[in-house]
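*Asks:* I would like the atomic coordinates for the input below:
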Amino acid sequence: MADPNRTVVVTDGSNDASTVSGAATGVQSSPKGEKGAGTDPSKMDQQTLAAVLQFLKNNKLKDAEAALRREAKLPDGSGDSAGSSRVATSGEVSSVLSAYESEGDLARYCEYYNSLSSFIESSLDAHKHELGCLLYPVFIHMYLQLVYNRHEKEAHKFFNRFSVEQEDWHQEDLRTLSTVKTREQMEGNDLMDTFRSSKFVLRMSRDSYQSLRRYLKQNEHRELLSILQDHLFIDVFDGVPRNREQVQATSGAMMGEARRDANKVKVLYGLPKEPDINVPLDDDDEGVEGEDKPKKKKQKKDLLLNKNKKADPNAPPPSRIPLPELKDADKLEKVLSWKEGLKRVPLGRENLPSICFYTLANAYQNVSAVGVSEDSSLLAAGFEDSNVRVWSLSPQRLRTMRNASELDQLDKEADDIVERMMDEKTAADSWLLHGHTGPVYSTSFSPDREQLLTSSEDGTVRLWSLHTYSNLVVYKGHNYPVWDVQFSPTGYYFVSRGHDRVARLWGTDQFQPIRMFVGHYSDVTCIQYHPNSNYVATSSSDRTVRLWDVLNGNCVRVMTGHKAAVHTLAWSPDGRYLASAGVDKNVLLWDIAYGRLLAEMKGHTDPIYSLCFSREGSILASGGIDNTVKIWDVQKVFEEIAGSDDLTSLDRASLVEVGSLLLGSFQTKATPVLKLHFSHRNLLLGCGRYQHS
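*Replies:* Next up, the predicted model:
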């Protein structure tokens, strides 16, 4: 891992200019080695670099800009040298608008689009569904060409006539695009920046592609051919054309499907071996075996902690990234977790979980975030009035540390020194934290429950001490509201994401981010650390889910299939499977090993805002603003794919029948479900704010 004091900006390559105005990237795929009609690779790299440098310059990230210039061996951006450097000029970044300039017969665009639509409709059923994906991006770029060339009336007529024919999941973007009616309005529009700087990705079988080529050759629509070459990336594969269900399963993202090569990198999703820990069993634990005769306490090696005795071939090496050392307190925490796990109730189709739901009543300032600690002992809620409140969910009340004079009088060699440092006089059921200047959107407890992270609309992330209930650090790196923040499972590292489309990796002792994950086309709405701390999963309003490698910042998985913004993610305990859900009311289950969609679970009637796997990973709980908690049998999915011989096929639809996965649905009285969390014993905790009728 790189020096944590240095900021590294890494882009995905296929959509690196998603956060800035940049030249179109990518080269159109051509079958059997034919030369594509895309951008020259060297020019593409320069345009990518220009876009990133311009983004850093606009956001005043001088240190990151300087570091990137040094690595790219570019001259310093100050003074006239920046203007003379072709790579660093902002004029080149914004000049891409001229790509929409056309000398063709724009008045015939309705005719051209009708011709393409009729060709697709009359195609063989085997090709129709793949070719149908062409209509949306062609419609978008035809409309933009009409607007740019000042054919406003024709553009308005074109939009009104064909926008209603597009798929439902594109309607939100089309409403945004409908506000762009003149060339001047094209500047500064985020959606415009995305479409003009990135290529729409389509995956198509070779037979369907050849059918398209024959149509273009016969009709000689140069304007249509120009749009396909300049603004689309057709990823051609050998094999049987996909049917309607297969195409729709991966459709819905703002800029099309994921390229096949985007999911080729091997992901080390396995969990590393746990350290050897000797667990002292209490008398109660000995009695579990059903023997009436009491036994003496003895040391027993923890079978749960040491279950990974054999090296997992899918687990990353322990030295792959620098992780904090395991302290004695951390080892004790693992022991306590293991003891709680001994009393865990196995869950499944015949044994659904018990649910304990916490309702926040009389919260007139509106609850905007809820978080629960890993051991289920603490709950934190963020409010729209910028305050954060922490509650104890256990009999032990919350205490603050004694003052300095009292601490000096304590025996620092005592075994229970931490307990003695706490002041019983300050014990309370909850504590209120003040500091943010805007609504609080996320809370996250450290694994040792000594610290709390919060993010807010004010663009900052704050670190709080749970010994003194005071603010320790304010992290300023985002330029817009910060939607989410989460601690690493091992502590020290944490990740944040926000409206600026960028996710950032931090260390608690660093004032600048260690990594910046750039690639989403819209707000990064959710972020989840992988259980082995080597990867970070993000979701976005661009309707994609991405997986990032913490070691180098590269995007190693791009998953498409959602039809609206994705607002929540959850990892399975073994780290191989990822669940996602959001505004489209569906829960999607992904296999991270291949970036493949396994199941689509439908049942919610409103957006979903929380997901959680049970401790052994056999069931998945989902909750949303429809005041419902649903339980899904994901173990059935895992068992079905375990017997599959075709795990690497990206074009194979293996979605399990949805109706067979729903195990139960539980309704609250009038409380949207904002947070779900399984305790070590598999008790399902839920939380939300009571909604007055």
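*Asks:* pLDDT weak spots in this protein?
*Replies:* Applying pLDDT under 70 to the chain flags the ranges 1-48, 51, 58-60, 76-105, 276-311, 643-659, 693.
*Asks:* Geometric centre of it: which residue is closest?
*Replies:* residue 538 (1.5 Å; CA atoms, centre = their mean).
*Asks:* At which residues are the helices of the stretch 451-600 of the chain located?
*Replies:* Assigned helices in the stretch 451-600 of the chain: none (criterion: DSSP state H, counting those that start in this stretch).
*Asks:* separation between the residue nearest to the centre of the chain and residue 408?
*Replies:* Per CB to CB, to the nearest Å, residue 538 is found 47 Å from residue 408. (C-beta placed from N, C-alpha, C; glycine too.)
*Asks:* How about residue 585?
*Replies:* 58 Å.
*Asks:* Give me the more crowded residue out of these two.
*Replies:* Per other CB atoms under 10 Å, whichever of residue 585 and residue 408 has more neighbours is residue 585, with 18 against 9.
*Asks:* shouldn't the more buried one be in contact with residue 607?
*Replies:* Yes - under the criterion of CB atoms under 8 Å, residue 585 makes contact with residue 607 at 6.4 Å.
*Asks:* so what sits against both of those two?
*Replies:* residue 624 (CB atoms under 8 Å, 6 or more residues apart in numbering).
*Asks:* Residue 688 - nearest residue in space that isn't next to it in sequence?
*Replies:* Once flanking residues are discounted, residue 688 sits nearest to residue 671: 4.2 Å by CB to CB, 6 or more residues apart in numbering.
*Asks:* circling back to that earlier point, is it correct that the residue nearest to the centre of the chain is in contact with residue 517?
*Replies:* Yes - contact criterion CB under 8 Å: residue 538 and residue 517 qualify, at 6.7 Å.
*Asks:* which residues do the two both contact?
*Replies:* 503, 546, 548.
*Asks:* quick one: which of those residues is nearest residue 108?
*Replies:* Taking CB to CB as the measure, residue 108 lies nearest residue 546 of the shared contacts of residue 538 and residue 517, at 39.5 Å.
*Asks:* can I assume the closest one is in contact with residue 560?
*Replies:* No - counting by CB under 8 Å, residue 546 does not reach residue 560; the two are 10.0 Å apart.
*Asks:* show me what contacts the residue nearest to residue 688?
*Replies:* 357, 359, 627, 688, 689, 690, 691.
*Asks:* From these, keep the buried residues only.
*Replies:* 357, 627, 688, 689 (16 or more other CB atoms under 10 Å).
*Asks:* and the gap between the nearest residue to the second one once chain neighbours are set aside and residue 690?
*Replies:* Leaving out its chain neighbours, the residue that sits closest to residue 627 by CB to CB, 6+ apart is residue 668, at 4.6 Å. With distances taken as CB to CB, residue 668 is found 9 Å from residue 690.
*Asks:* And for residue 314, the neighbour number?
*Replies:* 17.
*Asks:* Report whether the expected contact of it with residue 270 is present.
*Replies:* Yes - between residue 314 and residue 270 there is a contact under CB under 8 Å: 3.5 Å.
*Asks:* and for the two, which residues touch both?
*Replies:* With CB under 8 Å, 6+ apart as the test, residue 314 and residue 270 both reach residue 576.
*Asks:* who are the neighbours in contact with residue 161?
*Replies:* residue 110.
*Asks:* in a strand, that's where it is, yeah?
*Replies:* No - assigned with DSSP: H, G, I helix; E, B strand; the rest coil, residue 161 falls outside any strand and is helix.
*Asks:* quick one: what helix or strand has residue 622 in it?
*Replies:* According to DSSP states H and E, residue 622 maps onto strand 620-624.
*Asks:* What's the first helix or strand after that strand?
*Replies:* Remark: after strand 620-624, the chain's next helix or strand is strand 628-632, criterion DSSP H and E.
*Asks:* so how far is the helix or strand just after that following strand from its chain's centroid?
*Replies:* Heading C-terminal from strand 628-632, the first helix or strand you meet, by DSSP H and E, is helix 634-642. Helix 634-642 sits 24 Å away from the centroid of its parent chain (CA atoms, centre = their mean, to the nearest Å).
*Asks:* can you give me the angle helix 634-642 makes with strand 620-624?
*Replies:* 130 degrees (axes from the mean of the first three to the mean of the last three CA atoms, to 10 degrees).
*Asks:* Now do the next helix or strand after helix 634-642 against helix 634-642, angle only.
*Replies:* Going down the chain from helix 634-642, the next helix or strand is strand 662-667, by DSSP H and E. Counting by the same axes, to 10 degrees, strand 662-667 lies at 150 degrees to helix 634-642.
*Asks:* Tell me the buried residues in strand 662-667?
*Replies:* Buried residues in strand 662-667, counting neighbours by 16+ other CB under 10 Å, are found at 663, 666.
*Asks:* Report the next helix or strand after it in sequence order.
*Replies:* Proceeding N to C from strand 662-667, the next assigned helix or strand is strand 675-678, under DSSP H and E.
*Asks:* which helices and strands sit right next to the very next helix or strand once past that next one?
*Replies:* For strand 675-678, the following helix or strand on the C-terminal side (DSSP H and E) is strand 684-689. Packing contacts for strand 684-689, counted by 3 or more CB pairs under 8 Å, 6 or more residues apart in numbering; DSSP states H and E, involve strand 355-360, strand 367-372, strand 620-624, strand 675-678.
*Asks:* Burial-wise, tell me which of these comes out on top.
*Replies:* Stretch with highest mean neighbour count among the helices and strands packed on strand 684-689: strand 620-624 (a mean of 29; mean count of other CB atoms under 10 Å).
*Asks:* quick check: angle from it to strand 355-360?
*Replies:* For strand 620-624 against strand 355-360, the angle by the same axes, to 10 degrees is 30 degrees.
*Asks:* Listing partners with orientation, what would you give for strand 620-624?
*Replies:* Here strand 620-624 is paired, per DSSP bridges, with strand 608-613 (antiparallel), strand 628-632 (antiparallel).
*Asks:* wait, which of these is closest to residue 214?
*Replies:* Residue 214 sits nearest to strand 608-613 of all the strands paired with strand 620-624, at 44.0 Å, using CB to CB.
*Asks:* what angle do that closest one and strand 367-372 make?
*Replies:* Using the same axes, to 10 degrees: strand 608-613 against strand 367-372 is 0 degrees.
*Asks:* re earlier: in TSV: the buried ones among the contacts of residue 671, plus distance to residue 136.
*Replies:* Formatted as TSV, those follow (distance: CB to CB, whole Å):
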residue	distance to residue 136
357	42
627	35
688	37
689	38
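*Asks:* which ones are touching the spatially closest residue to residue 689 that is not a sequence neighbour?
*Replies:* Nearest in space to residue 689, with sequence neighbours left out and distances taken as CB to CB, 6+ apart, is residue 367 at 4.0 Å. For residue 367, the contacting residues are 360, 381, 382, 383, 384, 674, 688, 689, by CB under 8 Å, 6+ apart.
*Asks:* What is the most widely separated pair among the residues you listed?
*Replies:* Applying CB to CB across those, the maximum distance is between 384 and 688, 14.9 Å.
*Asks:* about what we covered before: list of residues touching the strand holding residue 622?
*Replies:* For strand 620-624, contacts defined as CB under 8 Å, 6+ apart pick out 353, 570, 579, 581, 585, 587, 589, 601, 604, 606-614, 629-632, 634, 672-676, 678, 684, 686, 688.
*Asks:* Surely residue 246 is in a strand?
*Replies:* No - counting by three-state DSSP, residue 246 is not found in a strand; it is helix.
*Asks:* quick one: it from residue 426, how far?
*Replies:* Taken as CB to CB, the span from residue 246 to residue 426 is 61 Å.
*Asks:* still on that earlier bit, could you tell me how many residues sit around the residue nearest to residue 627?
*Replies:* Residues lying near residue 668 (other CB under 10 Å) number 19.
*Asks:* I'd like to know how far it sits from residue 358.
*Replies:* For residue 668 relative to residue 358 (CB to CB), the value is 11 Å.
*Asks:* Overlap in contacts, these two.
*Replies:* Common neighbours of residue 668 and residue 358 (CB under 8 Å, 6+ apart) are 686, 688.
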